[in-house]
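In: Prediction below, plus the sequence it came from.
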Amino acid sequence: MAQGRVDLSEMIRDPLMAVIERNLGRKVAGFLSSSQQHPDLISFVFVLETSPLLRAVDDEDVDRA
């Protein structure tokens, strides 16, 4: 059963990353998955690159320094 979860995670990783990147307009910088048997759970965590809006704020802070 555990190997099935690993296989599922690997099988849907790229399609899910594509959906997230397309809908959010941001690149996925990292992907983590985890599962447990009791109760039967699986989770996916997508870490996104910094938003261009946040980068612009950071650049302004650097310019002010």
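Out: Noted; the coordinates are in hand.

In: Mind giving me the packing neighbours of the helix or strand containing Ser9?
Out: Counting by DSSP states H and E, the element that carries Ser9 is helix 2-24. Identification of packing neighbours for helix 2-24 by 3 or more Cβ pairs under 8 Å, 6 or more residues apart in numbering; DSSP states H and E yields strand 28-36, strand 41-48. The way it works is simple: take the backbone N, C-alpha and C, and place the C-beta from them, glycine included.

In: how about CSV for these, with distance to Met17, mean pLDDT and mean neighbour count added?
Out: Below are the helices and strands packed on helix 2-24 laid out as CSV (distance: least, Cβ to Cβ, whole Å; pLDDT from 0 to 100; neighbours: other Cβ atoms under 10 Å):
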stretch, distance to Met17, mean pLDDT, mean neighbour count
strand 28-36, 5, 91, 13
strand 41-48, 7, 91, 12
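
In: Can you name the residues that contact the most centrally placed residue in the chain?
Out: What sits nearest the mean C-alpha location of the chain, by Cα atoms, centre = their mean, is Phe46, with 1.3 Å. When contacts are counted by Cβ atoms under 8 Å, 6 or more residues apart in numbering, Phe46 is found next to Leu16, Met17, Ile20, Val28, Gly30, Phe31.

In: What separation do you get for it and Phe31?
Out: Using Cβ to Cβ, to the nearest Å, Phe46 is found at 6 Å from Phe31.

In: Determine the residues that are contacts of both of these two.
Out: Joint contacts of Phe46 and Phe31 (Cβ under 8 Å, 6+ apart) are Met17.

In: Pretty sure Leu53 sits in a helix.
Out: Yes - residue state for Leu53 (DSSP: H, G, I helix; E, B strand; the rest coil) corresponds to a helix.

In: Give me the neighbour count for it.
Out: 8 (other Cβ atoms under 10 Å).

In: do Pro39 as well
Out: Considering only other Cβ under 10 Å, Pro39 is surrounded by 5 other residues.

In: Read off the pLDDT value for it.
Out: With respect to pLDDT, Pro39 scores 90.

In: quick check, it in a helix?
Out: No - counting by three-state DSSP, Pro39 is not part of a helix but coil.
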